[in-house]
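> A predicted structure for the sequence below; I have some questions about it.
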Amino acid sequence: MQYRVQGIVIRSMDYGEGNKIVTLFTRELGKAAVIIRGAKKVKSRYASVAQLFTCGDYLYFKSGQLGTLNHAEIVESHHRIREDLHKAAYASYMAELTDRMLPDQEANAFLFEQLKAGLQGIDEDKDMQIISFMYEMKIWMQAGYQPELDACVSCRSAEGAMRFSSSLGGILCERCRAKDPGAVPLSPGGWKLLRLFAHTDIRRLGQIDVKPETKETLKKLMRTYFDTHIGLQLKSRHFLDQMEKYGV
């Protein structure tokens, strides 16, 4: 059967002497694995459509587990992302999250548009860390791991100072703080940002200025939540950690 889709390359691997197998995250079909024959050859007309983060229109034939590319045209190459270590690192994290957390061949048009907008935002020099936070929260929500961010997970209060409890799965008010002594205090701005990550469409994100210490706090609590409830080991996250550790 022949398929015509718009997709983003979220994984690419060599296959044989001159070919590549790419995983496309498509608007129409979700994740799809496609062989691109000759993509490793220098003069191949399909070498560019097999590169990570490329968004394109793909036409492929599928009779088994893998599709075979017939034709492709680039919509956005995102070559500026691939040429910048930091941009590529955050884009790789978003791509690996998509690849590892979503099932194959399950369409999710909303998440496709969020990833497409996230890559575009990184390409346009918007805050790549904030974009990755927002996309990560969208992934959690779509996969059924959404934290409770609008009211206390214990008493449902939405008043006063709040803390974030990874173990209990959301925010705690001051009256319920004893339920998790390890819950992280949240400033009003930090709480607002967490809800922004959950509820704001990445396509509507403009330039945003967040203090470095606020971003560091949000990163720690989101990672703790991820490790507590999801627990995937991601190579891209390890690479981001190494970049930060060595000040790259």
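That came through fine.
> which SS state does the residue lying farthest from the centre of the chain fall under?
The C-alpha centroid of the chain is most remote from R175, which lies 34.5 Å away (C-alpha atoms, centre = their mean). At R175 the chain is in helix, as set by DSSP: H, G, I helix; E, B strand; the rest coil.
> Which parts of this protein are helices?
Assigned by DSSP state H, the chain shows helices spanning 79-82, 85-101, 109-123, 128-143, 188-199, 212-229, 235-245.
> same for the third one, what does it pack against?
This points to helix 109-123. Secondary-structure packing of helix 109-123 (3 or more C-beta pairs under 8 Å, 6 or more residues apart in numbering; DSSP states H and E): strand 2-15, strand 19-26, strand 67-76, helix 79-82, helix 85-101, helix 128-143. Using the backbone N, CA and C atoms, a C-beta is placed for each residue, glycine as well.
> try 6 Å
helix 79-82, helix 85-101, helix 128-143 (3 or more C-beta pairs under 6 Å, 6 or more residues apart in numbering; DSSP states H and E).
> One more: the first one?
Contact here means 3+ C-beta pairs under 6 Å, 6+ apart; on that basis helix 79-82 packs against helix 85-101, helix 109-123.
> could you dump those to CSV with mean neighbour count and distance to V75?
Supplementary listing: these in CSV, determined by neighbours: other C-beta atoms under 10 Å; distance: least, C-beta to C-beta, whole Å:
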stretch, mean neighbour count, distance to V75
helix 85-101, 20, 16
helix 109-123, 20, 9
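> nearest to V5, of those helices?
V5 lies closest to helix 109-123 among the helices and strands packed on helix 79-82, at 9.9 Å (C-beta to C-beta).
> Off-centre distance for the closest one?
Centroid separation for helix 109-123 versus its chain: 9 Å, with C-alpha atoms, centre = their mean, to the nearest Å.
> what residue lies at the spatial centre of the protein?
M94 (2.8 Å).
> so it touches E136, yeah?
No. Checked against C-beta atoms under 6 Å, the pair M94 and E136 is beyond contact range at 7.7 Å.
> Got the domain ranges for the protein?
2-79, 83-147+180-245 (automatic domain parsing).
> want to try TSV for the ones you listed, with distance to S154 as columns?
Listed next are those as TSV, based on distance: least, C-beta to C-beta, whole Å:
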stretch	distance to S154
domain 2-79	36
domain 83-147+180-245	9
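> Tell me how far M1 lies from G30.
Look at M1 and G30: by C-beta to C-beta, to the nearest Å, they are 16 Å apart.
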